[in-house]
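Asks: The sequence isn't on hand, but the structure is:
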């Protein structure tokens, strides 16, 4: 396979991997927990593992020389400039409890720059896709971030990190600050979908601590290609090698959310 595959082939293969792994998730809701990753709230189900195996099989069949970074099996190094970043099941706690709000998330970077991103929710049958400098779509239709200009009219979303049992009061201080200054605040438990919903204009802003590259790689590109902005809490450029602070907005609310985060 050429080291420079066409964008159309990359998108086609990405879409196939998302769909086929989504089939696994849809038929195995409430799959059993098979292990814990250092905490009783950070779980792995048999569906996480099966979904990851399917994704790797699909991607490697077309691009055997590419590198991979996956949530369950870690880094698969390669000399290729391409690297796929894979979360086979985002929202695992939801999934394990039978709550059908979860997804598959796959991003592709080339020489450290995000090139493609895909987030697939098999339960709602929504496929979010983004191509660098071209478009962001949901089920083939262009999406755009919201036009909300004031926090008091905004619907925000957040998530709670895995160390929340030790740092609950700290994380809740940010929740309190935003809760008193916005129209609404949600916590859905699937970071990739939170970011996809920012891109689609369903949420106006999102913040979270201590995410991983596989949580954000696809969503980051979706937000930017839909006209939004992603940074850390000091408005520094976002990087996959430092995802401790993630702020995503429609762009219009970015400065105001930064002020709240700084004060909190």
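Replies: Right, received. Where do you want to start? This one's a predicted model, so the numbers in the text were calculated from it and none came from an experiment. Residues are numbered from 1 along each chain as shown.
Asks: From here on, just use CA atoms for contacts and neighbour counts.
Replies: Noted.
Asks: Am I right that residue 218 is in a strand?
Replies: No - per DSSP: H, G, I helix; E, B strand; the rest coil, residue 218 lies outside any strand segment and is helix.
Asks: In contact with it: list those residues for me.
Replies: Contacts here follow C-alpha atoms under 8 Å, 6 or more residues apart in numbering; on that basis residue 218 touches 105-108, 116-119, 130, 192.
Asks: Recalculate using a threshold of 7 Å.
Replies: The contact partners of residue 218, by C-alpha atoms under 7 Å, 6 or more residues apart in numbering, come to 105-107, 117-119.
Asks: mind checking which helix or strand of the chain has the lowest mean pLDDT?
Replies: Lowest by mean pLDDT, DSSP states H and E among the helices and strands of the chain is strand 33-36, with a mean of 88.
Asks: for the stretch 101-250 of the chain, what spans make up the strands?
Replies: Assigned strands in the stretch 101-250 of the chain, in chain order: 103-110, 113-121, 126-131, 135-138, 141-142, 155-158, 184-186, 205-209, 229-231, 245-249 (criterion: DSSP state E, counting those that start in this stretch).
Asks: quick one: the closest residue to residue 72 other than its chain neighbours from residue 158, how far?
Replies: Excluding the flanking residues, the one nearest residue 72 by C-alpha to C-alpha, 6 or more residues apart in numbering is residue 49, at 6.9 Å. Here residue 49 is placed at a distance of 26 Å from residue 158 (C-alpha to C-alpha, to the nearest Å).
Asks: before we move on, what about residue 181?
Replies: According to C-alpha to C-alpha, residue 181 and residue 158 sit 15 Å apart.
Asks: Tell me which helix or strand the nearest residue to residue 101 once chain neighbours are set aside sits in.
Replies: In space, and not counting its chain neighbours, residue 101 is closest to residue 94: 6.4 Å by C-alpha to C-alpha, 6+ apart. Assigned by DSSP states H and E, residue 94 belongs to helix 92-96.
Asks: residues touching the spatially most central residue of the chain, list them.
Replies: Note on the chain: the residue nearest the mean C-alpha position is residue 192, at 2.3 Å, using C-alpha atoms, centre = their mean. Applying C-alpha under 7 Å, 6+ apart to residue 192 gives the contacts 90, 105, 119, 215-216, 219.
Asks: returning to what we had before: most widely separated two among the contacts of residue 218?
Replies: The most widely separated members of the contacts of residue 218 are 107 and 119, with 8.6 Å between them, by C-alpha to C-alpha.
Asks: hang on, residue 51 packs against residue 24?
Replies: Yes - using C-alpha atoms under 7 Å, residue 51 is in contact with residue 24, at 6.3 Å.
Asks: Same drill for the two, tell me which one is more crowded.
Replies: Neighbours were tallied for residue 51 and for residue 24 using other C-alpha atoms under 10 Å; the higher tally belongs to residue 51 (23 against 16).
Asks: Can you name the residues that contact the nearest residue to the more buried one once chain neighbours are set aside?
Replies: Nearest residue to residue 51 in three dimensions, chain neighbours excluded: residue 21, at 4.9 Å (C-alpha to C-alpha, 6+ apart). Applying C-alpha under 7 Å, 6+ apart to residue 21 gives the contacts 51, 54-55.
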